[in-house]
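[1] Pasting a predicted model and its sequence here:
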Amino acid sequence: MTTDFGSAEPFVGLVKAQILGRHPGASIVDLTHDLAAFETEAAAFWIERSFRYFPSGSVHVVVVDPGVGTDRRILAVLLDGHLLLAPDNGVLGPIAAMPGALVHAFRDGHLSGLALPEPSATFHGRDLFGPLAGELAAGRVRLQDLGRSCDDWVRATWAGPVVETNRIRGRVIIVDRFGNCFSNIDGKLLKDSEMKSVHFGVHELPLARTYGDHPAGTGIALVNAFGVLEAACVAGRADDRLTLVLGAPVEVRLHGPEPGWT
Amino acid sequence: MTTDFGSAEPFVGLVKAQILGRHPGASIVDLTHDLAAFETEAAAFWIERSFRYFPSGSVHVVVVDPGVGTDRRILAVLLDGHLLLAPDNGVLGPIAAMPGALVHAFRDGHLSGLALPEPSATFHGRDLFGPLAGELAAGRVRLQDLGRSCDDWVRATWAGPVVETNRIRGRVIIVDRFGNCFSNIDGKLLKDSEMKSVHFGVHELPLARTYGDHPAGTGIALVNAFGVLEAACVAGRADDRLTLVLGAPVEVRLHGPEPGWT
Amino acid sequence: MTTDFGSAEPFVGLVKAQILGRHPGASIVDLTHDLAAFETEAAAFWIERSFRYFPSGSVHVVVVDPGVGTDRRILAVLLDGHLLLAPDNGVLGPIAAMPGALVHAFRDGHLSGLALPEPSATFHGRDLFGPLAGELAAGRVRLQDLGRSCDDWVRATWAGPVVETNRIRGRVIIVDRFGNCFSNIDGKLLKDSEMKSVHFGVHELPLARTYGDHPAGTGIALVNAFGVLEAACVAGRADDRLTLVLGAPVEVRLHGPEPGWT
């Protein structure tokens, strides 16, 4: 489960109650419930970078849903044995775009044949996603029961990194609990031999392999465990040390083409 | 489980350890642990509005217990296949008052026959509620083993809404993560045809069905997924937009009797 | 599981995903994930005072790991049927020192025979501790597979209480959600007949059995449910009432030897 429900109210527990009511043996894992309310970019990042670490056969429920109660569609995506369920608002965009992904879309009313409760207008996590995830996990509902295959699902609504001849430009998209600042620049875009320098905000940072490679207090850049370029600070907080916030510019300068070529 | 234990310390985990030690197959769901310390009204609201979403046969443990270590009683309530366990301080008052509820009350010492550990003076969640819930879930202890039937349990210690001829007056009892402001006015008290206007604090609000029915930024009132009248703000926070806090007055004005009748 | 991972990011969920992938039937309990980042003393306290409340056969994973990605060792400790796994940084020091504890130490590379994934440099919770805990819980890996027995593990890096002839001096090591202030003075060091007075910061406090024994607002000292001397405030917060913070001095004055003896 990945939501923006927080933990102060029983929203998450009620979704779980509905899952367990329909699939009593379910093992339910919380990915996070502390996403900023209605913020889809971080949700999309985390689920895309996380779902493959779960066992094949998992059902992933992502509820970050500013359009609850409107006529927005729901997506079900099947990829490599993982079934993902979320509102069609971009949160599953990166996964739906992967080769081999099967994408179905449907509206609330479609579920009337599945013995789900009449959903409230404002809490589809409990009244729709929970029961449906339970039925899917139990094997009583399958992808083909969920609307029809489609390819007009909502793409990511946020900007990716910009790759230019001499540089790659991105921005900070996550500041984690430890103050590490994740950029939206995938490590796959980076080749050591081509990189001239790495900049987070106004700071040029040395590229490191892990947190312990430099003295305490040093700001460093590394490709982190989620595969993106990150600013970190050895034994400290990079956000404080380097004055970085969400949206701060990130730039990787590349060795340009040979001067004679221009 | 519903408690005011928070998640910074291992209090909740230790209760679960005791449940699993006595009923290894238990599926344990957190309703919330972030209730304000010792605050019974919100706890009572959430458990009353939530327990029926769990499978029949569930054991619900509610530990909001300012009287831990004193001679306060413990209640066990059986209703529609749900068994609820909590200190006798009003937190189960609304459920105990429902038709068909069987209510038993007992004191700590009563449990000496059940092979429970000697409870510490200050952590009955771990030493009493957890083990007892495990025994109940495993079926080795039953309601009739828990003290005697009683009807002098503690009623709610807070004020309900006031229903008058021309209006219903209540107050804000919960401000949730999204800024939605729950009143203590049950939707069942409201009939569309009788309602003249809805007021939260100094604001008169239009009555809506769901969050998406009005333009972004609009303050609206609706009967929410928990069945009570709520102030919300489309794509925003009602508490900020309408300057509402816990305890703020809520008023529903009704079409009064025909003038000729007065 | 006991970590400093917090709940805002999916770090904990990914460790659980890896455990469940290798031991699908696992019941996973969160002790806490909200330890101060990289803070080992509180982690050591909580796991030492908590692990025995879990069923025998439990695997305890403690990840508070400022040295992730360096050559630091990992410890596995077996004691009374509990297997504990953590970086060798003092967090398991108090348990490893107990009579009967079997302590093995190993480095990351040792695990190559266990079909674990190649660990990332920065997230050993997901890539090493999770998979290894799953293998241990499933019984496919045993203590003797994990490096060799050792007794040069890292001792606690923090100061214990100082026992003198006429007094015991300690300090506040935990301020919990309720404002209770835990000292590092074990209740076993205290005998009622020897105690003259108890001081937290500048306040002398009466010794009580539980929170309800004095009028509301009274500052009291008691041996708490975790076995250490604590300052509490009846129906209030001791940290506010007594102006106590982490590190505040705690002193128990003892009846000294008879005057004639000196």
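    It's in.
[2] going forward, measure contacts and count neighbours with C-alpha atoms only.
    Will do.
[3] So A:L14 sits against B:W46, correct?
    No. Counting by Cα atoms under 8 Å, A:L14 sits too far from B:W46 to count as a contact (10.5 Å).
[4] Looking at those two, which is more packed in?
    Neighbour totals were compared for A:L14 and B:W46, and A:L14 leads with 23 against 20 (other Cα atoms under 10 Å in any protein chain shown).
[5] The more buried one: what secondary structure?
    Following DSSP: H, G, I helix; E, B strand; the rest coil, A:L14 is assigned to helix.
[6] quick one: it from chain B, how far?
    Look at A:L14 and chain B: by Cα to the nearest Cα, to the nearest Å, they are 7 Å apart.
[7] dump the residue contacts of that residue.
    A:126, B:31, B:50, B:53-54 (Cα atoms under 8 Å, 6 or more residues apart in numbering or on different chains).
[8] Out of these, which is nearest to chain C?
    Lowest distance from chain C to the contacts of A:L14 (Cα to the nearest Cα) belongs to B:L31, with 14.8 Å.
[9] shaky segments in the stretch 101-250 of chain A?
    For the stretch 101-250 of chain A, applying pLDDT under 70 flags the ranges A:113, A:212.
[10] what residues does it put near chain B?
    A:120-123 (Cα under 8 Å from any Cα of the partner chain).
[11] again, 10 Å this time
    Taking Cα under 10 Å from any Cα of the partner chain as the contact definition, the stretch 101-250 of chain A meets chain B at A:119-124, A:126-127.
[12] Identify the farthest-apart pair in the residues you listed.
    Within these, A:A121 and A:R126 form the most distant pair, 11.0 Å apart (Cα to Cα).
[13] what residues do the two have in common as contacts?
    Taking Cα atoms under 10 Å, 6 or more residues apart in numbering or on different chains as the criterion, A:A121 and A:R126 both touch B:A225.
[14] So for the two, which sits in the more crowded spot?
    A count of neighbours by other Cα under 10 Å puts A:R126 above the other of A:A121 and A:R126, at 24 against 18.
[15] Could you say whether the more buried one sits in a helix, a strand or coil?
    helix.
[16] How much space separates it from A:E204?
    Separation of A:R126 from A:E204 (Cα to Cα, to the nearest Å) stands at 47 Å.
[17] Where is the longest strand in chain A?
    Identified as the longest strand of chain A according to DSSP state E is strand A:167-175.
[18] now A:A96: how far from chain B?
    According to Cα to the nearest Cα, A:A96 stands 26 Å off from chain B.
[19] Quick one: residues contacting A:F45.
    Residues near A:F45 by Cα under 10 Å, 6+ apart: A:91-95, A:173-174, A:184, A:226.
[20] whoops, I mixed them up, A:A232
    For A:A232, the contacting residues are A:178-182, A:205, A:208, A:210-211, A:217-222, A:224, A:238-239, A:241-242, by Cα under 10 Å, 6+ apart.
[21] do the same with A:V252
    A:163, A:166-170, A:185, A:190, A:194-200, A:204, A:229.
[22] Just the buried subset of these, written out for PyMOL, thanks.
    Selection of buried members from the contacts of A:V252 for PyMOL, criterion 16 or more other Cα atoms under 10 Å in any protein chain shown:
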select buried, chain A and resi 167+168+169+170+185+190+195+198+199+200+204+229
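[23] Can you pick out the ones from the contacts of A:V252 that are in helices?
    Among the contacts of A:V252, no residue falls in helices (DSSP state H).
[24] Now do the shared contacts for A:L14 and B:W46.
    Common neighbours of A:L14 and B:W46, using Cα under 10 Å, 6+ apart, are B:L31.
[25] what about the closest residue to A:V228 other than its chain neighbours, distance to chain C?
    Closest residue to A:V228 apart from its sequence neighbours, by Cα to Cα, 6 or more residues apart in numbering or on different chains: A:D186 at 4.4 Å. According to Cα to the nearest Cα, A:D186 stands 15 Å off from chain C.
[26] same deal with A:R142?
    22 Å.
[27] How about the secondary structure of the nearest residue to that residue once chain neighbours are set aside?
    Closest residue to A:R142 apart from its sequence neighbours, by Cα to Cα, 6+ apart: A:L136 at 6.1 Å. At A:L136 the chain is in helix, as set by three-state DSSP.
[28] for A:W46, same thing?
    Counting by three-state DSSP, the backbone at A:W46 sits in helix.
[29] what residues are up against it?
    The contact partners of A:W46, taken as Cα under 10 Å, 6+ apart, are A:2, A:31-32, A:35, A:91, A:174, A:226, C:9-11.
[30] Between all of those residues, which two are separated the most?
    Between any two of the contacts of A:W46 (Cα to Cα), the greatest distance is 19.1 Å, for A:V91 and C:F11.
[31] between those two, which one's more packed in?
    Neighbour count, other Cα under 10 Å: between A:V91 and C:F11, A:V91 has more, with 30 against 22.
[32] Settle this for me: A:S112 is touching A:E118, isn't it.
    Yes. Using Cα atoms under 10 Å, A:S112 makes contact with A:E118 at a distance of 8.2 Å.
[33] Just want to know which of the two has more residues nearby.
    A:E118 (13 against 10).
[34] The nearest residue to A:A231 once chain neighbours are set aside is in what secondary structure piece?
    The shortest distance from A:A231 to any non-neighbouring residue, by Cα to Cα, 6+ apart, is to A:A221 (4.5 Å). Under the criterion of DSSP states H and E, A:A221 resides in strand A:219-223.
[35] elements contacting that strand?
    Packing partners of strand A:219-223 (3 or more Cα pairs under 10 Å, 6 or more residues apart in numbering or on different chains; DSSP states H and E): strand A:181-186, strand A:195-200, strand A:203-205, strand A:228-233, helix A:238-241.
[36] Just give the strands next to the third one in its sheet, each with its orientation.
    Neighbouring strands of strand A:203-205 in its sheet, by DSSP bridges, are strand A:195-200 (antiparallel).
[37] okay, the angle between the strand it pairs with and strand A:219-223?
    Using axes from the mean of the first three to the mean of the last three Cα atoms, to 10 degrees, one finds that strand A:195-200 and strand A:219-223 are set 120 degrees apart in direction.
[38] what's the offset of strand A:195-200 from the middle of its chain?
    Its chain's C-alpha centre and that of strand A:195-200 lie 25 Å apart, by Cα atoms, centre = their mean, to the nearest Å.
[39] got a list of contacts for it?
    A:166-172, A:181, A:183, A:204-207, A:219-222, A:229-231, A:242-244, A:248-256.
[40] Return the residues of the stretch 51-200 of chain A in contact with chain C.
    A:51-56, A:58, A:174-178.
[41] Pull the contacting residues for the closest residue in space to A:A137 that isn't next to it in sequence.
    Leaving aside its sequence neighbours, A:A137 sits nearest to A:V59 (Cα to Cα, 6+ apart; 6.3 Å). Counting by Cα under 10 Å, 6+ apart, A:V59 makes contact with A:1, A:28, A:51, A:76-78, A:81-85, A:133-134, A:136-137.
[42] out of the residues you listed, which are inside helices?
    Going by DSSP H, the helices hold A:133-134, A:136-137 from the contacts of A:V59.
[43] Among the residues you listed, the buried ones, what's the PyMOL command?
    To isolate the buried ones among the ones in helices among the contacts of A:V59 in PyMOL, judged by 16+ other Cα under 10 Å, type:
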select buried, chain A and resi 133+134+136+137
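[44] A:L244 falls within a strand, correct?
    No. A:L244 sits outside any strand when classified using three-state DSSP, being coil.
[45] so how far is C:F178 from the residue lying closest to it once chain neighbours are set aside?
    Ranked by Cα to Cα, 6+ apart and with sequence neighbours excluded, the top spatial neighbour of A:L244 is A:G201, at 6.6 Å. As defined by Cα to Cα, A:G201 lies at a distance of 40 Å from C:F178.
[46] do A:L84 as well
    Per Cα to Cα, A:L84 is found 40 Å from C:F178.
[47] again, but for A:D213
    Separation of A:D213 from C:F178 (Cα to Cα): 40 Å.
[48] Can you pick out the residue with more neighbours from the two?
    Ranked by neighbour count (other Cα under 10 Å), A:D213 and C:F178 place C:F178 first, with 19 against 13.
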